[in-house]
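Engineer: sequence plus the predicted model coming up.
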Amino acid sequence: MNDAELVRALQVGLPLVPRPYHAVAEALGAAPGEVTVRLAAMLADGRVRRIGAVPNHYALGYTANGMSVWDVEDAALAELGPRVGVLPFVSHCYRRPRHPPEWRYNLFAMVHGRTRAEVAAKVAEIAALLGARCRAHDVLYSTRILKKTGLRFGI
Amino acid sequence: MDELDRAIVNGLQGGFPLCERPYAEAAARLGTDEATLIARLRALLADGTLTRFGPLFDAVALGGAFTLCALAAPPDDFERITAIVNAFPEVAHNYERAHRLNMWFVLATEKPEGIADAIRRIEAATGLAVLEFPKLDEYFVELRLTA
């Protein structure tokens, strides 16, 4: 068994049997304890982000998903980015490139809520936090999931 | 969804034990038993409350590559463009968003050099320009959703 085989075997999820790691080891022709040893190492170095339940936002009622985008002074991003990223309602907060003139925004923060009003209130909190060093912002609400598949990785 | 389901969704988003009987250990923490936890997880997966249960891999740490891309599909041609884009196996997620750039998708490839190639092929197949938004810095702490 190598790590790639282990990733492939576990992408679909952990078997729902009393000894799931042994079941995976057996399927891969490895010793019973090998899967937990490798997963522990992958957790330690970040190749595994976490082990557990991955909830479906929509099924939990988080149907309003707004990608908030911000035009922040480049020099202020190193200070302000982490302050946005730690907000409890923000996920996937990244600096990304601008594409002028079509796209002026360099900070992306995904905001999840149960309604658009809830998302809008959270976006207003971010706007207040960024203050004058943010020159413009927008919120792109998702109107439809066109594809969500295959990929079992966290991003 | 009852109290136990809620406790499972809220309490098991990380930290699932690495031991011989992990469901039994996790069940004890939740005040239930192994067989019940397994049955509840099976039901939460079947009804779509959970997308999956198990390790969440970091594709970049595994040597793969990800990037966010966007394009502006003509509204009257949106469905055809969607079908073309979705047919690419490198397109992992694709969302319609209310903006002139109305299609936002994540490309995932096993090797970093696969990204530029996938973008070229999507542009050729759709006849549309693809804007690439690779992450340059990451600021988030992982979201924990509350049921």
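Structural biologist: Thanks, I have it.
Engineer: show me where the chain has helices.
Structural biologist: Chain wasn't specified; assuming chain A. Taking DSSP state H, the helices of chain A run over residues A:3-11, A:20-27, A:34-44, A:74-85, A:116-130.
Engineer: you looked at the wrong chain, it should be chain B
Structural biologist: All helices of chain B, identified by DSSP H, fall at B:3-11, B:22-30, B:34-46, B:78-86, B:114-126.
Engineer: highest average neighbour count across the helices of chain A?
Structural biologist: Highest mean neighbour count of the helices of chain A: helix A:20-27, a mean of 20 (counted as mean count of other C-beta atoms under 10 Å in any protein chain shown). Yep, even glycine has a C-beta here, placed from its N, CA and C like the rest.
Engineer: okay, the angle between it and helix B:34-46?
Structural biologist: Put simply, helix A:20-27 runs at 70 degrees to helix B:34-46, going by axes from the mean of the first three to the mean of the last three C-alpha atoms, to 10 degrees.
Engineer: sorry, back to before: so which of the helices of chain B comes closest to residue A:105?
Structural biologist: Among the helices of chain B, helix B:114-126 comes nearest to residue A:105, with 19.9 Å by C-beta to C-beta.
Engineer: what's that closest one in contact with?
Structural biologist: Helix B:114-126 is contacted from outside by B:65, B:67, B:69, B:71, B:73, B:81, B:84-85, B:88, B:90-91, B:107, B:109, B:129-130, B:132, B:134, using C-beta atoms under 8 Å, 6 or more residues apart in numbering or on different chains.
Engineer: tell me the mean pLDDT for that helix?
Structural biologist: Across helix B:114-126, the average pLDDT comes to 97.
Engineer: how far out from the middle of the chain is it?
Structural biologist: How far helix B:114-126 lies from its chain's middle: 21 Å, per C-alpha atoms, centre = their mean, to the nearest Å.
Engineer: got the buried residues for that helix?
Structural biologist: For helix B:114-126, burial by neighbour count (16 or more other C-beta atoms under 10 Å in any protein chain shown) applies to B:115, B:118, B:119, B:122, B:126.
Engineer: and the strand ranked longest in chain B, what does it pack against?
Structural biologist: When chain B is parsed with DSSP state E, its longest strand is strand B:50-58. Here strand B:50-58 touches helix A:3-11, helix A:34-44, strand A:48-55, strand A:153-154, helix B:34-46, going by 3 or more C-beta pairs under 8 Å, 6 or more residues apart in numbering or on different chains; DSSP states H and E.
Engineer: try it again at 10 Å.
Structural biologist: Secondary-structure packing of strand B:50-58 (3 or more C-beta pairs under 10 Å, 6 or more residues apart in numbering or on different chains; DSSP states H and E): helix A:3-11, helix A:20-27, helix A:34-44, strand A:48-55, strand A:153-154, helix B:3-11, helix B:34-46.
Engineer: and the angle for the fourth one with strand B:50-58?
Structural biologist: Okay, so that is strand A:48-55. Using the same axes, to 10 degrees: strand A:48-55 against strand B:50-58 is 170 degrees.
Engineer: for residue A:104, list the residues it contacts.
Structural biologist: Residues near residue A:104 by C-beta atoms under 10 Å, 6 or more residues apart in numbering or on different chains: A:69, A:70, A:71, A:98, A:135, A:136, A:137, A:138.
Engineer: what's the domain layout of chain B?
Structural biologist: Following automatic domain parsing, one finds the domains of chain B at B:3-46, B:65-133.
Engineer: and the ones you listed as TSV, adding distance to residue A:110?
Structural biologist: TSV is the format used below for the domains of chain B (distance: least, C-beta to C-beta, whole Å):
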stretch	distance to residue A:110
domain B:3-46	17
domain B:65-133	11
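Engineer: show me where pLDDT drops low in the chain?
Structural biologist: You didn't pick a chain, so chain A it is. Along chain A, the parts satisfying pLDDT under 70 run over A:149-155.
Engineer: try chain B instead
Structural biologist: Across chain B, the ranges flagged by pLDDT under 70 are B:140-147.
Engineer: burial measure for the closest residue to chain A within it, as a count.
Structural biologist: Nearest residue of chain B to chain A, counting by C-beta to the nearest C-beta: residue B:139, 3.1 Å away. For residue B:139, the count of nearby residues is 23 (other C-beta atoms under 10 Å in any protein chain shown).
Engineer: I am finished for the moment; much appreciated.
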